[in-house]
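> give me coordinates for this.
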Amino acid sequence: MEDQKRNHPMIGSNKGTVQYTLIIVISAVTLLVLAAVIYNFVSTQITKRDADKKMTQEIAEEGMQFALKKISEDPSWAEGFQNVKCQSGFYSVRIEKIADSTFKAVATGFTQSVKTTLICTYKLEQNAGNLKPKPLSWEYM
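Prediction:
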């Protein structure tokens, strides 16, 4: 009886079909799990990068506001700042003269992995007898 089962054509082919089906099912499940892990990892990285980008924009804006305040107090101020600690990152600001009374302040906010540069073009104008910076444009890079 055992010899009949071994030599029976339907039993041998069913065993091979079951093995192939099992391999295909296990492969498909493995691919689905791998796809879910990769999707989760990529989504987490994108969310973190977006949060870091927003953070560096806020840091650059804070550096720019501080620089414009310094310029309001002393219109000849053009020293800038280097690596000033702010929130969970740093900012640097440099001032460049473009024309007679037009300047460009460049503030860069950065964390360990992301940086954002904010450029403010401003003109020094008389305001109540004092020179004050009047922003002409803001541009993120």
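
> and the helix or strand hosting residue 92, which strands flank it?
Assessed by DSSP states H and E, residue 92 sits inside strand 89-97. Paired with strand 89-97 in the same sheet, following DSSP bridges, are strand 81-86 (antiparallel), strand 102-110 (antiparallel).

> ok, of those, where does mean pLDDT dip lowest?
When the strands paired with strand 89-97 are compared on mean pLDDT, strand 81-86 scores lowest, with a mean of 89.

> show me what that strand is in contact with.
Judged by C-beta atoms under 8 Å, 6 or more residues apart in numbering, the contacts made with strand 81-86 from elsewhere in the structure are 59, 62-63, 66-67, 90-93, 109. C-beta: built from backbone N, CA, C; applies to glycine.

> distance to residue 137 for the residues you listed - can I get that in CSV?
CSV is the format used below for the contacts of strand 81-86 (distance: C-beta to C-beta, whole Å):
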residue, distance to residue 137
59, 20
62, 19
63, 17
66, 19
67, 15
90, 24
91, 19
92, 20
93, 16
109, 18
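
> ok, what's across the strand from the residue lying closest to residue 137 once chain neighbours are set aside?
Using C-beta to C-beta, 6 or more residues apart in numbering and skipping the chain neighbours, the partner closest in space to residue 137 is residue 121 (4.7 Å). Listed beta-bridge partners, residue 121: residue 104, residue 137 (assigned using DSSP bridges).
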